[in-house]
Structure formats: structure tokens, C-alpha cells
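[1] structure, please.
(chains A and B)
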Protein chains: 2
Amino acid sequence: MATTGKQLFTTLEADGTLTVAIEDVAFPDPTGNQVLVKMEAAPINPSDLAILVGAADMETASYSAGKFIAKMPEPFNSGSKARHGLKLPAGNEGAGTVVATGDNDAAKALMGQRVSCVPGNAFSQYCIADATMCLPLGDHTAEDGASAFVNPMTALGFAENAKMDGQDAILHTVGASNLGQMLTRICQEDGIGLVNIVRKDSQVDLLNKLGSTHVVNSSQDDFSDQLRAAIDDTGAFYGFDPIGGGRSVDKVFKAMEQVAVSQMTEYSRYGSNQPKRMFIYGRLDTGATILSPSYGFGWTLSGWLLFPFLQSAGNDTVSRMRQRVRENLTTTFASHYKKRVNLDEMLTKEAVTDYRAMKTGEKYLVTPWS
Amino acid sequence: MATTGKQLFTTLEADGTLTVAIEDVAFPDPTGNQVLVKMEAAPINPSDLAILVGAADMETASYSAGKFIAKMPEPFNSGSKARHGLKLPAGNEGAGTVVATGDNDAAKALMGQRVSCVPGNAFSQYCIADATMCLPLGDHTAEDGASAFVNPMTALGFAENAKMDGQDAILHTVGASNLGQMLTRICQEDGIGLVNIVRKDSQVDLLNKLGSTHVVNSSQDDFSDQLRAAIDDTGAFYGFDPIGGGRSVDKVFKAMEQVAVSQMTEYSRYGSNQPKRMFIYGRLDTGATILSPSYGFGWTLSGWLLFPFLQSAGNDTVSRMRQRVRENLTTTFASHYKKRVNLDEMLTKEAVTDYRAMKTGEKYLVTPWS
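    Here you go, the predicted structure:
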């Protein structure tokens, strides 16, 4: 007998009409390695927002109970051609209680337990999840475990990636985010140097309190000097950026090269030989990335995504990372939320306007049964 | 007793005054592994132009015999701070006859021979060069051997780099250049797929005559369709770009991703899993590089320079590459020149205006004794 519940769907039509709505859905009985999770909490991550609202004009959207209809402007609508007409679930991760399982032992072992999971349709009252991707939460609350995957594994992934590449320092361009705070704690625990860039004095204070030794405030006049000094001090020629658009990465590459050139004893028209490496792992700014020709040819910029990284890292590394998350869920990997909304509330103009702004440290948590 | 001769120097002052002038110089006697080469021919490569004229305003420059004085505009002047006040030689490579040597056997063995060399001050009547970097030219003319290093080793470097990265196809955004023609012949010899982008019908013809199977003309209306078809056909998700500024790389990444997405069976908000890799190896366009957020996170863009690549490739690979260049100097690695100028003539307004335009296939050759 199928379980029924509410679930969010997002659909973009070829004409640019974006419909996001809560619908009643029948969830199939789990089979094999699957478990059925009654979802209790799911964060709205930046990676969810891309599919939830993207670049849609939410100011002129029409809102009704459990639904909004908005217009996706060009060139974003054409750029999303691959999803035209597809009714898509949303919500990467969340936490809840296993209420039914498939026949496999790994699935049956989770019956009745509270778990965090990565179902891809976490904005829902129920989800089918893979048992091997579930993290048993023990006595932790669903809110404790709601964000146990994307941010923790991404922050840990940065540290793992740096070690694989022989780096002992990292630069992070949005230091005060939930993820940035985790990265700060991870780097301390692992003895990795860290340059945190923030935009406000209050964020400097926040990170200083966490013990961050190199926090640079981009809104101050001597930002460039501060940044160069921090790079010089830590040797961080390797970093991660969730902004993507504009000159965020460009400024970092410039500062890195200036530090490297200041350490050279002889002039070279080609700039320094110091390799400079940055990764873009998000698109808080959906504009184009601008790279000026002012740091020679010794730089590499890549996109960075969690799942391909985990795949390349291999099972042993991933198991070790997950183990570490579980053991430090409410310390190293603690997340904070600005507000809790249920499925209907998350589609109101007030909520959408607030969470799509993606302000640092102002994350929303969806509680589908509240 | 020191040898004297004319040599070009380029000096940028802190106030943006760029002086390029021919001076009489005394060349020291070569020692150890050094040889003294009487230079007969040296190409003006794009990499030389950066230090020779850069972004200077050559229209309002003052020209006199064997000299010009120009103004370097901002932000380029500040960006060149590291060279302010330094009197720099120019000319990466060239060919001439060894007229004196140091005491080491490798040097003495070259006495009287015509060689190609990489002295860094090739715009000169004499150069001190390292014997191990000299390529004996046998019966070849100096013009045959003048460009035996930068372009041949760069084009070969692309093929070597592709093989190291497990690629069997390359995309090149300026297919009809001297270097592009070399790359076309190398890829044919090595069985590497090649997508050549050009801007004119005449360049399509030129490359077709060389046997290039995938030549795409960016000035045609269906350029994007052609480009996608060529990428689909060759599997070239890996390429090299000497333009740097603007949207040259962006258009390629877009086309690569569209091909990859068209091969997917299921929609993913993150785009395809196909890794896309581009290298910028020049700055024909000195504007900023623009990367639009339209090809997911599975891409990597790097600067590419010959010397760091050779260093990472190791001695065995470099020896093999140089051997191949020597054996195929007037076939695979043949260069063509639009015009020959002596040291004084290369600093006239007419010459500077023409060669700084860096038109495809219109390279200048400096012949210091003519």
C-alpha cells in the first residue's frame, strides 16, 4: 500500500514559465537497498536555489497557496533548454525517520532510525533514499542532521583536495558562510593554513572567535594589502570560490601573483613561476566570470562539484569523510538556520525573496510536517 | 677582446615612457658551455611583442633612426611595475653562426656551425647562447632555422600534453597561424583528431589543402552548428587558445557542453559529467577573459607557457621533441614570413604598425646584418 504525502515540483516550460508547486504524491514501497524516510528537516542550499528559482523574476511572480508561477528571462531560459517541460523534484538533502525499508540488510538495519539522507527530492514529506547514503543520527535531532551532507562533505572535500594536490594552505572567498565556518574548524583540526575573505566587520569577529588567524575584510580600503599579506604569510596559492561571477577570482589571482612576484629576484615578462589554482564551486553571482590578463600564465581555474569529486576520491576516502562528519555533527559540522518554513510557507513571496538573496549565514530550513 | 655589435633594448619608465632603441654593445667572450652566435635571422613572435610594444600607443609615438619613444597607457603601465626602469633585451629565438665558444666540449663542437638558438636577446647582431639549447642546422639556411624553437616546440607541446592527459583529439582556436599549420601536420602524423577554428574562407582552403578534416569558419552564420558537429565528430573536449581575451574560450566551452549534453540520456541541473579543458597560451586579445555560467562545473581553464611545460615534461621528452624538430625543419615545422627587416627598419612606424597587428600568417623576420 503506497504512502501518500506532499512534495514540491519545479517545472520550466519552453516559453519561460516557471511553476513551482506542492502536489500530493503516492510514494512507492521501498525495495532492495531503498528506505522510505519521513522527512523532518531539509535545508535550502544555494545548489537547490538554481533549480527552484534560478534567475526567474520573483518580483512579478504570481503567488497562491503552495504555488508560484514566475517568468524566466533570457538568456537563462534558453540556457535551461535541457529541462524544458520536465517536472523536477528539488531538495538535495535532509533528515527524517525511516518508516519502511527494502529487503536488503543495509536497508532493514535502518528501520525506525533517524537518518540524514541525500534523496534529491528532500522538499517533500517522504523520500525514497539509498541506505548506503544514509547517515544514522542516533540521538541527534533532525535539524542537527539536516545539512550533514552537502556542506560538511564539500568543506571536507576542499581540505582533502588540497592535501591530494600537495597544498598546506587554502584561500576561501566567502569565509563566514556555514560552509566557511566548517572549513575554518577543519583547517584548524588538520593544521592547514586558511585565508578567509569576508565582507563585514561582524564576520571578521565571528571568524576570529572561531580561531581563524587570517581574516580579510573586502569592504576595507586596504583590502588588497591585507589579502597580499595573508597570502604571503600562509602560502595560500590555492583556493575555493562560491561566487563565480564578476571579479572575485580575478582579485585573488592578482593578489597571489603580486605576492609571488614580490618574492622573485629577477624580472620575467611571463610573471612568476608560482602555480595559482582556484576552484569555482557555486554561483552566488550568476554573471560572467571576468579574468584580467594580469597574472601571467601560471594559473588554473576549474569548476568544482561535490559528486564528481567524491567519485574521483574513491570509496575509502569518502567513508573516512562520512565517519568524520558523523562523529562531529554538532561541533565541527554544525549548521545554523535563520528561519524554519513548511512546504507551503517556502513558496510565499516573503520567504522566496528572503532566501534567494542567499545572505551569508541566513539559511532556511524546510520542516515539511510543521 | 670583446666583440661589438648592435642590439635592441626596451625600457619602460615608471611614468609610462617606453623607449625601444638600437645600441652598440660589447659582447663578452663566451665561457664554459656558452657560444657566441653571429645572428642572421630572428622572428618577431607574439611573445616578443609583449615586451617590445605591449599595449603602448604606437600611433602617437615619436620615431627616429633606430629608436621609438611611446606612451604606455594605464592600467598596463602599472601592471608592468616589475619592469619599470629595467633595460631589457628582446627576441626569444633566432639562428646564426657560432663565431666563438667556451672551453666545454659541447660548446667547442659547435664552432663554425650554423645553429638555431634561444638567447632571449635575438634582436641583436651577436648573442651569447647555451650550447645545449642550440640546434645545429647543417645545410639549412638561417631563415629555415630562425623559428625552430618557440612555434615547433609549442605545437609539439600541445600534442605531448594531450597524450599525457589521455586525449586523442585537440581543438585549436587559431588554426591558420604558422603554429596552427604545424599543429595540423603534427596531429596528422600522430593520428590525433583536430578541430581548427579560422576566420576566413581562404584559411579554410589553406587548412583543407594541408589535409585538415575539421575546419570551422567563425565568420559564418552557422559557426556554432559547425563547431558542435566538429567536436561531436572528433571528441575534442580539450583545446588551446592564443587569443585569451573576450569570449573565444567561452564559445568553445559552450559548444563542448552542448555536445556533451546532447549525448546525455537524463537531465542534470549540474550539466554534463564530460570534463572540458582549455589552455590559454597567448594574448592576441589583451582584454579580459569572459566566462559565462553556461557549462556547469565540469571545466578547467589554465594558462599555458612553453618553458614551464618543458620543465614538467622532463629531459627525455624534450630531447625527443627537439630531435623531431631538427629532422623535419622544412616540412612539418616550416615557418613563413611576410617581410624581412633589419634592426633599424623594425623600429619604423610602418613596420611596428604592421607587425603589432599580429595578422594570422603575416610574421616578420629580423635580419640584423642586412
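
[2] can you get me a residue count around the residue in the stretch 151-300 of chain A positioned nearest to chain B?
    For the stretch 151-300 of chain A and chain B, the shortest gap (CB to the nearest CB) falls at A:Phe297, measuring 3.0 Å. (Each C-beta comes from the backbone N, C-alpha and C, glycine too.) Look at A:Phe297: counted by other CB atoms under 10 Å in any protein chain shown, it has 21 neighbours.

[3] thought it was touching A:Ser272?
    No. With contacts counted by CB atoms under 8 Å, A:Phe297 stays clear of A:Ser272, the gap being 10.2 Å.

[4] show the contacting residues for the residue of the stretch 151-300 of chain A closest to chain B.
    Contacts for A:Phe297 were tallied using CB atoms under 8 Å, 6 or more residues apart in numbering or on different chains; they are A:270-271, B:280-281, B:303-305, B:308.

[5] find me the pLDDT at it, would you?
    Reading off the confidence values, A:Phe297 has pLDDT 93.

[6] ok, A:Phe76 next?
    87.

[7] ok, now how distant is it from chain B?
    Summarising the geometry, the distance separating A:Phe76 from chain B, computed by CB to the nearest CB, to the nearest Å, is 9 Å.

[8] checking the most far-flung residue of chain A relative to its centre next. Helix, strand or coil?
    Relative to the centre of chain A, and counting by CA atoms, centre = their mean, the farthest-placed residue is A:Glu266 at 42.0 Å. When states are read from DSSP: H, G, I helix; E, B strand; the rest coil, the local structure at A:Glu266 comes out as coil.

[9] quick one: contacts for it?
    Listed by CB under 8 Å, 6+ apart, the contact set of A:Glu266 is empty.

[10] got the phi/psi numbers for it?
    Here the main-chain torsion angles of A:Glu266 (degrees, to the nearest 10) amount to phi -140, psi 140.

[11] hmm, back to that, which ones among the contacts of A:Phe297 map onto helices?
    The helices, defined by DSSP state H, take in B:Pro308 from the contacts of A:Phe297.

[12] and stretch A:245-264, which residues are buried?
    With burial defined by 16 or more other CB atoms under 10 Å in any protein chain shown, the residues of stretch A:245-264 counted as buried are A:245, A:247-261.

[13] centre of the chain versus the worst-scoring helix or strand of chain A on mean pLDDT, how much separation?
    Considering only helices and strands, the least confidently modelled element of chain A by mean pLDDT, DSSP states H and E is helix A:76-79, at a mean of 87. Mean-position distance between helix A:76-79 and its chain equals 23 Å (CA atoms, centre = their mean, to the nearest Å).

[14] run through who's touching it.
    Applying CB under 8 Å, 6+ apart, the set of residues contacting helix A:76-79 from outside is A:12, A:16, A:54-56, A:286, B:294.

[15] wait, a strand at the residue of the stretch 151-300 of chain A closest to chain B?
    No. When classified by three-state DSSP, A:Phe297 is found to be coil rather than part of a strand.

[16] quick one, phi psi at it?
    The phi and psi values for A:Phe297, taken as degrees, to the nearest 10, are phi -120, psi 10.

[17] from A:Arg340, how far off is the residue lying closest to A:Asn342 once chain neighbours are set aside?
    Counting by CB to CB, 6 or more residues apart in numbering or on different chains, the nearest residue to A:Asn342 once its immediate chain neighbours are dropped is A:Ser370, at 4.7 Å. In this structure, A:Ser370 and A:Arg340 are separated by 7 Å, where distance is defined by CB to CB, to the nearest Å.

[18] same thing with A:Asp225?
    From A:Asp225 across to A:Arg340, the span is 42 Å (CB to CB).

[19] of all of the stretch 51-200 of chain A, which residue lies closest to chain B?
    Shortest the stretch 51-200 of chain A-to-chain B distance, computed as CB to the nearest CB: residue-wise this is A:Ile51, at 4.8 Å.

[20] could you report the neighbour count for the closest residue to that residue other than its chain neighbours?
    Nearest residue to A:Ile51, sequence neighbours excluded (CB to CB, 6+ apart): B:Arg269, at 4.8 Å. Other residues near B:Arg269 number 18, with proximity taken as other CB under 10 Å.

[21] how close does the residue lying closest to A:Lys363 once chain neighbours are set aside sit to A:Glu362?
    Once its chain neighbours are removed from consideration, A:Lys363 has its nearest residue in A:Tyr337; the separation is 5.3 Å (CB to CB, 6+ apart). In this structure, A:Tyr337 lies at 9 Å from A:Glu362, with CB to CB as the measure.

[22] sorry, back to before: the residue nearest to A:Lys363 and A:Tyr364 touch, don't they?
    Yes. Counting by CB under 8 Å, A:Tyr337 touches A:Tyr364, with 6.6 Å between them.

[23] just the helices in chain A please.
    Counting by DSSP H, chain A has these helices, from start to end: A:46-52, A:76-79, A:105-108, A:142-145, A:150-164, A:178-190, A:201-209, A:223-234, A:248-262, A:306-313, A:315-327, A:349-355.

[24] ok now the fifth one, how far from the chain's centre?
    Between the centre of helix A:150-164 and the centre of its chain there are 12 Å (CA atoms, centre = their mean).

[25] the residue nearest to A:Ile51 reaches A:Asp48, doesn't it?
    No. With contact defined as CB under 8 Å, B:Arg269 and A:Asp48 do not form a contacting pair (9.2 Å).

[26] so what sits against both of the two?
    The contact lists of B:Arg269 and A:Asp48 share no entry, where a contact means CB under 8 Å, 6+ apart.
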